[in-house]
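Chemist: Everything below, folded, please.
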Amino acid sequence: MHVASSTRTPYTAPESLDLASPQNSSLASVVILTHNEARNIARCLQSLNWADDVILVDSGSDDGTTDCALEVRPDVRVFTHEFEDFGTQRNWALDNIEPRHEWVLFLDADEQCTPELAQAIETAIA
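Modeler: Alright, predicted model coming up:
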């Protein structure tokens, strides 16, 4: 089911985040594997305002997942790959999406990245 537009908040990059500046870009790319996650994807993406490289690997959703993702966060990169199993999907992503960062965080569409987690990631890999 596609979430109504009135319940989604469009993505707005924080004013302090200058994506053109290497010192202000995030340290990790984020990959979200999806299949029919329209009801969850907005909350997930909204929790990733710290990330300058967010990638969706969708396995053929028919509920508007990718449209919802692009509406909430227009800079998300979307790839489609038929799902076999989670290991194969993750490995396909790593081999094909060309993440912009050395570190990659895999997040489920029904999860959110808390500010505390984002800070812990930055501290661990900085």
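
Chemist: Please look at residue 97 and residue 78 and confirm they touch.
Modeler: No: Residue 97 lies out of contact with residue 78 (Cβ atoms under 8 Å); the separation is 10.0 Å. Yep, even glycine has a C-beta here, placed from its N, CA and C like the rest.

Chemist: Spell out which helix or strand contains residue 39, please.
Modeler: Residue 39 is part of helix 38-46 when elements are defined by DSSP states H and E.

Chemist: what's the helix or strand that that helix is followed by packed up against?
Modeler: Downstream of helix 38-46, the first helix or strand assigned by DSSP H and E is strand 54-58. Using 3 or more Cβ pairs under 8 Å, 6 or more residues apart in numbering; DSSP states H and E as the contact test, the elements touching strand 54-58 are strand 28-34, helix 65-72, strand 77-80, helix 86-96.

Chemist: any idea of the angle strand 54-58 forms with helix 86-96?
Modeler: Between strand 54-58 and helix 86-96, the angle formed by their directions is 130 degrees, by axes from the mean of the first three to the mean of the last three Cα atoms, to 10 degrees.

Chemist: Check the average confidence over the helix holding residue 39, would you?
Modeler: For helix 38-46, the mean per-residue pLDDT is 97.

Chemist: Can you tell me the centre-most residue of this structure?
Modeler: For the chain, residue 54 is the residue whose C-alpha lies nearest the centre (Cα atoms, centre = their mean; 3.9 Å).

Chemist: which residues touch that residue?
Modeler: When the contact criterion is Cβ atoms under 8 Å, 6 or more residues apart in numbering, the partners of residue 54 are 29, 30, 32, 45, 48, 73, 75, 76, 77.

Chemist: just to revisit the earlier point, nearest to residue 112, of the helices and strands packed on strand 54-58?
Modeler: Put simply, out of those the one that sits nearest residue 112 is strand 28-34, at 11.1 Å, with distance taken as Cβ to Cβ.

Chemist: Give me the sheet partners of the closest one and which way each runs.
Modeler: Strand 28-34 has its sheet partners listed here by DSSP bridges as strand 54-58 (parallel), strand 103-108 (parallel).
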